[in-house]
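Visitor: how would this look folded up:
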Amino acid sequence: MKKAEMGRFNISPDEDSSSYSSNSDFNYSYPTKQAALKSHYADVDPENQNFLLESNLGKKKYETDFHPGTTSFGMSVFNLSNAIVGSGILGLSFAMANTGIALFIILLTFVSIFSLYSVHLLLKTANEGGSLLYEQLGHKAFGLVGKLAASGSITMQNIGAMSSYLFIVKYELPLVIKALMNIEDTTGLWYLNGDYLVLLVSLVLILPLSLLRNLGYLGYTSGLSLLCMVFFLIVVICKKFEIPCPLPAEIIISEIVNNTITQPTSFVPEMASNMTDDSCRPRYFIFNSQTVYAVPILTFSFVCHPAILPIYEELKDRSRRRMMNVSKISFFAMFLMYLLAALFGYLTFYGRVESELLHTYSAALGNDVLLLIVRLAVLVAVTLTVPVVIFPIRGSITHLFCPTKDFSWWRHSLITVSILAFTNVLVIFVPTIRDIFGFIGASAAAMLIFILPSAFYIKLVKKESMKSVQKIGAMLFLLSGIVVMFGSMALIVLDWIHGASQNGGH
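Guide: Just a heads-up that it's a prediction; the model follows:
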């Protein structure tokens, strides 16, 4: 799932784990003494040499001395691709169903390009600012306010990621249990209630893993998550050619009865009869009340920025140009993956796509074996990923409020339980995963992609005047981010209010 929200990176097998300090739960890499600075970076550009070789006595060692990276170009591409892809892929078909194919492709293209541009700004700011920590750049740029903005945005993004993963457990685990036990009538069975299952999984599996002091083997779940998403994409493409459109009337009626409780019985056959061939024609431009969720879902899906700097630090033969090449390949690969998943999911169900695509297949396929395997794979991946996401949140909270105190199991456990309890409350009481994608995408994701990289760039890159093309571009990028964030948030809140008033009127 999405490791960008985790603000972490995969350690390649040939790295020496002893070079990582453990003064918090989450191991940021504060390098030890640098040995061969004089010739190792001879081939990098002058800007990078200034960054890496700077030895200002007024600065702390970890801000100026960086160990040579050991991760290959290919592995860095894999790590960054894994940092980008996540649970957001499950909401992309819903976004396409409410924007149309052409408008979705336009939005996907712009969001991916803007995300790549913000990576460029972030790398250049890191070189000029002399730090490879997102929060440290915020502190250098705007003091405590900047540090809190960066830490808060990363924490919100992580909370959103955890919520989306637990939503998948809430949606999919009941269906898996139902299929495995071959249960038809689910009335009154507590173990098929998604809310109860989320609490049970959180207590029995996620909490014990989250209480560990270091990531250990959990770091390897990142590769499993990426493989699960690739497997999911293959199944989505294959099922497009198996599921008929329109669906048989009995399946549609069953789905309506199960999901539209508020409708009168006489309405069901009428609604089923309206599912004609017209509903199976692709549309290219769509504007409705759900269209406002498209941009937040896309921004949520492309957030990887907290992972950029750690991956950059670990890159072998490190240079900004080399890291940008890693980013371009990774973003292009994820662009294609997202486009294919959204397109084939939409062309399978058209306007009937739910906010979580995997859940949409239930009525059409029933107890399909391949779909069951996909569900199990995704459930295992997200369950093992949630503890990994908790680590940077807990480390950030500990560093913010107790930076000088020694490790305490009592404090460690209290913070862990509080984070997990808060996320469970969100998952139980927030109606759909669409709302999580929308809110986090419009707020934290917009901050991490648009606002913070451009603001840090404008403040910390001193060698360019405010009238330069680069600074003007960054300023326009900052303003566009503010418009996207507040515009999306306003439209989403209006949709919530409108939906609440409609529900109250029934």
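Visitor: Just confirm Ile89 contacts Val230, I think it does.
Guide: No: Ile89 lies out of contact with Val230 (CB atoms under 8 Å); the separation is 10.3 Å. C-beta coordinates here come from the backbone N, C-alpha and C atoms, glycine included.
Visitor: Ile154 and Leu448: what is the separation?
Guide: Distance of Ile154 to Leu448, computed by CB to CB, to the nearest Å: 7 Å.
Visitor: Equivalent analysis for Ser115, please.
Guide: 9 Å.
Visitor: Can you tell me, leaving aside adjacent residues, what's nearest to Asp195?
Guide: Using CB to CB, 6 or more residues apart in numbering and skipping the chain neighbours, the partner closest in space to Asp195 is Ile428 (4.9 Å).
Visitor: What's the local residue count around the one you found?
Guide: By other CB atoms under 10 Å, the residues close to Ile428 number 14.
Visitor: State the mean pLDDT of the longest helix along the chain.
Guide: Longest helix in the chain, counting residues (DSSP state H): helix 134-181. The average pLDDT for helix 134-181 rounds to 89.
Visitor: so how far is the next helix-or-strand element following it off the chain centroid?
Guide: Moving toward the C-terminus from helix 134-181, the first helix or strand encountered (DSSP states H and E) is helix 194-201. Chain-centre distance of helix 194-201: 22 Å, with CA atoms, centre = their mean, to the nearest Å.
Visitor: So which other helices or strands are in contact with helix 194-201?
Guide: Here helix 194-201 touches helix 134-181, helix 409-429, going by 3 or more CB pairs under 8 Å, 6 or more residues apart in numbering; DSSP states H and E.
Visitor: Highest average neighbour count across those helices: which stretch is it?
Guide: Using mean count of other CB atoms under 10 Å, the stretch among the helices and strands packed on helix 194-201 with the largest mean neighbour count is helix 134-181, at a mean of 22.
Visitor: Any idea which helix or strand in this structure has the lowest mean pLDDT?
Guide: helix 37-40 (a mean of 32; mean pLDDT, DSSP states H and E).
Visitor: so Gly86 touches Asn158, yeah?
Guide: No: contact criterion CB under 8 Å: Gly86 and Asn158 do not qualify, at 11.3 Å.
Visitor: how far off helix 134-181 does the helix or strand containing Leu298 point, in degrees?
Guide: Using DSSP H and E, Leu298 maps to helix 294-302. Counting by axes from the mean of the first three to the mean of the last three CA atoms, to 10 degrees, helix 294-302 lies at 100 degrees to helix 134-181.
Visitor: Tell me the buried residues in the host helix or strand of Gly473?
Guide: For Gly473, the enclosing helix or strand under DSSP H and E is helix 469-505. Within helix 469-505, the residues that qualify as buried are 470-471, 474, 477-478, 480-481, 484-485, 488-489, 491-492, 495, counting by 16 or more other CB atoms under 10 Å.
Visitor: Excluding its own residues, what touches the helix holding Leu298? List them.
Guide: Residues from elsewhere that reach helix 294-302 (CB atoms under 8 Å, 6 or more residues apart in numbering): 2, 84, 86, 88-89, 91-92, 94-95, 98-99, 103-104, 107-108, 111-112, 115, 160, 331, 334, 338, 434, 437-442, 445-446, 449, 484, 488, 492.
Visitor: count of neighbours near Leu224?
Guide: Neighbours of Leu224 under the rule other CB under 10 Å: 16.
Visitor: Report the contact partners of it.
Guide: Counting by CB under 8 Å, 6+ apart, Leu224 makes contact with 380-381, 384.
Visitor: and what of Val235?
Guide: 370-371, 374.
Visitor: Distance check, the closest residue to Pro296 other than its chain neighbours against Pro403.
Guide: Nearest non-adjacent residue to Pro296, counting by CB to CB, 6+ apart: Gly441, 2.9 Å away. From Gly441 across to Pro403, the span is 31 Å (CB to CB).
Visitor: So for these two, which sits in the more crowded spot?
Guide: Gly441 (32 against 9).
Visitor: That one touches Met485, doesn't it?
Guide: No: judged on CB under 8 Å, Gly441 makes no contact with Met485 at a distance of 9.6 Å.
Visitor: sorry, back to before: and the contacts of Leu224, which are buried?
Guide: By 16+ other CB under 10 Å, these give 381, 384 as buried.
Visitor: List the contacts of the residue nearest to Asp195.
Guide: 195, 198-199.
Visitor: Repeat the analysis, applying 10 Å as the threshold.
Guide: Each residue near Ile428 by CB atoms under 10 Å, 6 or more residues apart in numbering is listed here: 166, 170, 194-196, 198-199.
Visitor: For those, point out the one with the lowest pLDDT.
Guide: The lowest pLDDT within the contacts of Ile428 belongs to Gly194, with 88.
Visitor: ok, how many other residues are close to that one?
Guide: Other residues within reach of Gly194 by the criterion other CB under 10 Å amount to 18.
Visitor: and what of Cys238?
Guide: Around Cys238 there are 12 residues (other CB under 10 Å).
Visitor: residue contacts, the residue nearest to it when sequence neighbours are not counted?
Guide: Excluding the flanking residues, the one nearest Cys238 by CB to CB, 6+ apart is Leu370, at 7.7 Å. Shown in contact with Leu370 (CB under 10 Å, 6+ apart): 231, 234-235, 238-239, 242, 361.
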